[in-house]
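J.: only geometry, no sequence info:
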């Protein structure tokens, strides 16, 4: 039995990546002029490089797309792009590769790459249907330029609304709800602004510890730079703590206030728990607290029914900058708005989760009792992340509040 050599192994890799039809055509066209070249690339490119164990074939495919884009080798790009699509490489990965190329290879190269890819998708019957760039689907991301730099996302057109996220998460926790609001799901279209708080997501992480007043000042700066106040502020957990402070310190910037799953003040007994969490994160990183936070954010029934959504929260926490998270914990632990809530004059809706251990309904009741005219709604099947656990009820309750106040 003949032993397999480097050429044979190269042919196997070449067939796995480009398909039998292309390889057969290429090898069948070998002649005395190009045979040595065919042997060279089969041994060295397809065995020595494509056969290396350091990267999987999908990663190598995407690298080739980026490299051929940069070199404007469009025949090679088209060959490898078609092979990648037929091999089942996710279109989202190909799209991100071309988007990356727009920056490092230039927009004209990306324009050609997207055109060729769409031609291949059309030929394969895989081209996505048209989707008009309406206000409901447009998303623009930019950064404010005063320190600390904050990652801001704008979506839609219409009445201004700000969505403010929970401790340890980022503006992506609002993805579905933001699209809903931008598309007019709350009765009228909204222009939705989301941003990552300092120490979170794509925003800067200045040295801590942070105070709640720091987060409130960030929020006021974002709204002023946006130029759209007064806004409707929808905050959850830490984001709602910031909303309370914003309405107290900068009442001209807030027209309506939604405070979900939050508190205005922790009991003295909670101070030791926060100190322990901060110390644990500083000493051992986010992995030491992530599971505990997931269990407090999502109740057991949701975690069992929605493992993918649960894991997305877990992974977001694990990606956090430990120093930024710990610095933000200081701000949350020190929240102390309760005795000043009577200063809030804008219409206010307070949402609590009946299963919320971190911010139980009694905390929501205390807030609603202090803010003149505030209303309280308790969602029976929600714990802390009510917008994720019970999205339909959350949307319905907020929409009714917004329409009532219009």
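T.: Cool, got the structure. Just so we're clear, the structure is a prediction, and the values are computed from it rather than from any experiment.
J.: Show me the contact partners of stretch 329-336.
T.: Stretch 329-336 is contacted from outside by 167, 208-212, 214-215, 238, 241, 263-266, 270-271, 274-275, 277-278, 281, using CB atoms under 8 Å, 6 or more residues apart in numbering. Every C-beta, even on glycine, is put in place using the N, C-alpha and C of the backbone.
J.: contacting residues for residue 166?
T.: By CB under 8 Å, 6+ apart, residue 166 lies in contact with 173, 236, 237, 238, 239, 261, 297, 384, 385.
J.: Please check the contacts of stretch 329-336 and keep the buried ones.
T.: Buried members of the contacts of stretch 329-336, counted by 16 or more other CB atoms under 10 Å: 167, 208, 210, 212, 214-215, 238, 241, 263-266, 277-278, 281.
J.: What strand or helix carries the closest residue to residue 230 other than its chain neighbours?
T.: Closest residue to residue 230 apart from its sequence neighbours, by CB to CB, 6 or more residues apart in numbering: residue 255 at 3.6 Å. Taking DSSP states H and E as the criterion, residue 255 maps to strand 254-260.
J.: Pick out the most distant pair among the buried ones among the contacts of stretch 329-336.
T.: Spatially, the most separated pair among the buried ones among the contacts of stretch 329-336 is 264 and 281, at 24.1 Å (CB to CB).
J.: quick check: mean pLDDT across stretch 159-177?
T.: Taken as a whole, stretch 159-177 carries a mean pLDDT of 95.
J.: could we number from 143 for the rest of this?
T.: Got it, the first residue is 143 from now on, which makes the last one we talked about stretch 301-319.
J.: residues of it that come out buried?
T.: 301-316, 319.
J.: Kindly check the end-to-end length of that stretch for me.
T.: 15 Å (CA to CA, to the nearest Å).
J.: now swap in stretch 165-175 and tell me
T.: Length of stretch 165-175, first residue to last, CA to CA: 18 Å.
J.: for that stretch, the distance to its chain's centre please.
T.: Stretch 165-175 sits 48 Å away from the centroid of its parent chain (CA atoms, centre = their mean, to the nearest Å).
J.: what's in contact with the strand holding residue 397?
T.: By CB under 8 Å, 6+ apart, the surrounding residues in contact with strand 396-402 are 371-379, 382, 385-386, 388-389, 486, 488-494, 506, 509, 528-529, 536, 540, 543-544, 547.
J.: Give me the subset of these lying in helices.
T.: Secondary structure defined by DSSP state H assigns 382, 385-386, 388-389, 506, 509, 528-529, 536, 540, 543-544, 547 of the contacts of strand 396-402 to helices.
J.: Just the pLDDT for residue 433.
T.: At residue 433, the pLDDT recorded in the model is 95.
J.: which residues does it contact?
T.: Contacts of residue 433 (CB under 8 Å, 6+ apart): residue 456.
J.: what are the phi and psi values for it?
T.: Backbone geometry at residue 433, expressed as degrees, to the nearest 10, gives phi -70, psi -40.
J.: what's near enough to touch residue 491?
T.: Residue 491 makes contacts with 398, 399, 400, 401, 516, 517, 519, 539, 540, 543, as judged by CB under 8 Å, 6+ apart.
J.: right, and residue 302 touches residue 331 too?
T.: No. Assessed by CB atoms under 8 Å, residue 302 is found out of contact with residue 331, at 11.2 Å.
J.: gap between residue 243 and residue 347?
T.: According to CB to CB, to the nearest Å, residue 243 stands 29 Å off from residue 347.
J.: Also residue 539?
T.: For residue 539 relative to residue 347 (CB to CB), the value is 34 Å.
J.: ditto for residue 247
T.: Distance from residue 247 to residue 347, counting by CB to CB: 31 Å.
J.: Likewise for residue 256?
T.: Residue 256 is 34 Å from residue 347, where distance means CB to CB.
J.: ok, now residue 195?
T.: Separation of residue 195 from residue 347 (CB to CB): 36 Å.
J.: Looking at those two, which has the bigger crowd around it?
T.: Legend: neighbour count by other CB atoms under 10 Å for residue 195 and residue 347, higher for residue 347 (20 against 5).
J.: Run a quick neighbour tally on the closest residue to the more buried one other than its chain neighbours.
T.: Residue nearest to residue 347 in three dimensions, not counting chain neighbours: residue 466, with 3.8 Å by CB to CB, 6+ apart. Neighbour count for residue 466, taken as other CB under 10 Å: 25.
J.: go on, the one 3 residues further on?
T.: With neighbours defined by other CB under 10 Å, the count for residue 469 comes to 23.
J.: Repeat that for residue 465.
T.: By other CB under 10 Å, the residues close to residue 465 number 16.
J.: Name the surrounding residues that touch stretch 351-358.
T.: Stretch 351-358 is contacted from outside by 339-341, 380, 383-384, 387-388, 391-392, 468-470, 472-474, 476-478, using CB under 8 Å, 6+ apart.
J.: Then stretch 221-241?
T.: Applying CB under 8 Å, 6+ apart, the contact partners of stretch 221-241 are 159-161, 164, 199-200, 203-204, 206-208, 210-211, 252, 255-256, 258-259, 262-263, 266, 268, 270.
J.: ok, then the element right after the helix or strand hosting residue 238?
T.: Residue 238 belongs to helix 233-246 when elements are defined using DSSP H and E. Toward the C-terminal end, the helix or strand that comes next after helix 233-246 (DSSP H and E) is helix 249-265.
J.: For residue 416, report the pLDDT, please.
T.: You'll see residue 416 listed with a pLDDT of 95.
J.: Once you drop chain neighbours, what's closest to it?
T.: Closest to residue 416 by CB to CB, 6+ apart is residue 475, at 3.6 Å.
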